[in-house]
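1. I'd like to go over a predicted model; first the sequence, then the structure.
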Amino acid sequence: RRCKLGRSSAMASAASSAPPYSEFSATTARFWKAQLADGGVTWYKKAEQWWVENCPPTVNGVLGGFANLDPPDVKDSLEFLAAAGELKGIGGLPMQRERALDGGAGIGRVTKHVLGKVFDKVDMVEGNQRLLDSSPEFLGDMLPHLGEKICCELQNFAPEEGKYDCIWVQWVVIYLTDADFAAFLRRMARGLRPGGLI
């Protein structure tokens, strides 16, 4: 499915529900003012175009030529999830394992190797339709864990409230502006179930 919330609506919604993000140094504020003079169109277009032109639908492609990072990343991610789940339980709000969201999912590398091993269903949100369309073949025997496939950029995505036990994002967040990242985290927090984590 496609995302329902456009960027201007997402930003207006975030702006109305929380104070503006203002923890910028003067240098950072000048940088973002220059970069976002056109409302962020050029910023996001550059990233989108890079993935269209340079990313084959493979692990090596989605890791920017660093497929060798997949095994240690998977190992550390699974250990992190286990430790976080244990701490949530000790804290009295155990993490459920019904549904997760893989943000910036690409072909489903994290869905297949991490989230699908921990959660019953994993929804994938990805701004590149070509990568998203490649996911069923890549997922292989983990395909039964696939929930919804949502083609949407993270700066535009708003999850259904209280739907997820885990919302997972990694390297994709480097493509968000600082303000969009702060707004994104606020929206994702509303998408968590009790005991959930980002």
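-> Received, thanks. Numbering: from 1, shown residues only.
2. who touches the longest helix along the chain?
-> Counting residues, the longest helix in the chain under DSSP state H turns out to be helix 70-90. Applying Cβ atoms under 8 Å, 6 or more residues apart in numbering, the external contacts of helix 70-90 come out as 59, 63, 94-95, 109-110, 113-114, 117-118, 166, 170, 195, 197. Yep, even glycine has a C-beta here, placed from its N, CA and C like the rest.
3. where's the residue most central in space within the chain relative to Tyr164, distance?
-> Central residue check for the chain by Cα atoms, centre = their mean: the C-alpha nearest the mean position is that of Gly103, 2.1 Å away. Gly103 sits 10 Å away from Tyr164 when distances are taken as Cβ to Cβ, to the nearest Å.
4. where do the strands sit along this protein?
-> 99-103, 121-126, 146-151, 164-169, 192-197 (DSSP state E).
5. closest to Ala26 out of the ones you listed?
-> Minimum separation from Ala26 across the strands of the chain (Cβ to Cβ) falls at strand 164-169, 28.5 Å.
6. can you pull the contacts of Leu197?
-> By Cβ under 8 Å, 6+ apart, the contact list for Leu197 reads Ala84, Lys88, Met95, Asp165, Cys166, Ile167.
7. Are any of those buried, and if so which?
-> Buried by 16 or more other Cβ atoms under 10 Å: Lys88, Met95, Asp165, Cys166, Ile167, out of the contacts of Leu197.
8. so what's the third one closest to, chain neighbours aside?
-> Ranked by Cβ to Cβ, 6 or more residues apart in numbering and with sequence neighbours excluded, the top spatial neighbour of Asp165 is Gln96, at 4.5 Å.
9. okay, now the one you found: neighbour count?
-> 18 (other Cβ atoms under 10 Å).
10. From what I see, it and Leu192 are in contact.
-> No: Gln96 is not in contact with Leu192 according to Cβ atoms under 8 Å; the separation is 10.4 Å.
11. Between these two, which contacts overlap?
-> With contacts defined as Cβ under 8 Å, 6+ apart, the residues shared by Gln96 and Leu192 are Asp165.
12. for this protein, what helix or strand is lowest in average pLDDT?
-> Between all helices and strands in the chain, the lowest mean by mean pLDDT, DSSP states H and E belongs to helix 7-17, at a mean of 47.
13. Distance to Cys151 added to the contacts of Leu197, as TSV?
-> Below are those laid out as TSV (distance: Cβ to Cβ, whole Å):
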residue	distance to Cys151
Ala84	28
Lys88	31
Met95	27
Asp165	23
Cys166	21
Ile167	17
